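[1] no sequence on this one, just coordinates:
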């Protein structure tokens, strides 16, 4: 069996300020039977390839949490690959950092406990300098999709009018999208314009993105996040009947959406890999700046 999760992370990095709430393992069904008989849980919950042992009654120095969760490897090619990579026999072994990073990366784009997972993922990714188990990661991602469903992200390879029309029934627009972009741009024009060969399409080009400096890549992500935060959280609270959301809360939500189910491909991966470094370039006054331009008639509301 392999020890994964927070228990394994704090084993490798004891100085991390992390409370281990439960113990996560990768093992086989035979391992599970051993754990049940040894730990004597008061409740057993099965589902989606995970078995939770709840209310551990026979605690020990190692098994010192209320719950133990076991990812069952018998029918999972990716989990068996992790066990093989770390040469785990029927005993108990700490998962390597490579396995821990691969596991994090395989589900980081699913918006589940995002704040916890993004902190772990970026920490491990920086320590290791990248994912060395890419093939296993892709396999694990595919299996995660089979369990949770595919992440649906909007396609950019279509005319701009059609692209923005996709969300018309879900998001009420108070301002023209491109006008918001211009109002929150870090420079004289939005950075995404420097990634478009065909301005009639919403599609951006990777080779043009690759010419950006690291700082401008970060600011480009932030410009998208400002617009998403304003359109979907802040402006509905000011001009509509939605509940008020602070500029910081709205931006955190927007960045999470960019890293999960609102974007895809290389743009999403950059936003995920450098999530906290991107934040170093945040304009904390993005809402104030936008409203100032609105009050000065530099940006106008859509006529209803």
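    Here it is on my side, so go on. On a predicted model such as this, the values are computed, not experimentally measured, just so you know.
[2] which residues sit against stretch 108-116?
    Residues from elsewhere that reach stretch 108-116, judged by Cβ atoms under 8 Å, 6 or more residues apart in numbering: 117-118, 121, 144, 148, 151, 256-257, 259-261, 268, 272. Bear in mind the C-beta positions are built from the backbone N, C-alpha and C, glycine included.
[3] Looking at those, which are in helices?
    117, 118, 121, 144, 148, 256, 257, 259, 268, 272 (DSSP state H).
[4] which one of the residues you listed has the most neighbours?
    In terms of neighbours by other Cβ atoms under 10 Å, the ones in helices among the contacts of stretch 108-116 top out with residue 259 at 26 neighbours.
[5] Could you double-check that that one lies in contact with residue 272?
    Yes - at 4.6 Å, residue 259 and residue 272 qualify as touching, with contact defined as Cβ atoms under 8 Å.
[6] Common neighbours of these two, please.
    Common contacts of residue 259 and residue 272, defined by Cβ under 8 Å, 6+ apart, comprise 108, 109, 118.
[7] how about CSV for the contacts of stretch 108-116, with distance to residue 210 and pLDDT added?
    Formatted as CSV, the contacts of stretch 108-116 follow (distance: Cβ to Cβ, whole Å; pLDDT from 0 to 100):
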residue, distance to residue 210, pLDDT
117, 27, 95
118, 24, 97
121, 23, 97
144, 29, 92
148, 31, 85
151, 24, 84
256, 25, 97
257, 24, 96
259, 20, 96
260, 23, 95
261, 25, 91
268, 16, 95
272, 17, 98
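[8] now, among these, which is nearest to residue 226?
    residue 257 (12.6 Å; Cβ to Cβ).
[9] hang on, the earlier thing: which of the contacts of stretch 108-116 sit farthest apart?
    Across the contacts of stretch 108-116, the longest distance by Cβ to Cβ is 18.6 Å; it joins 144 and 257.
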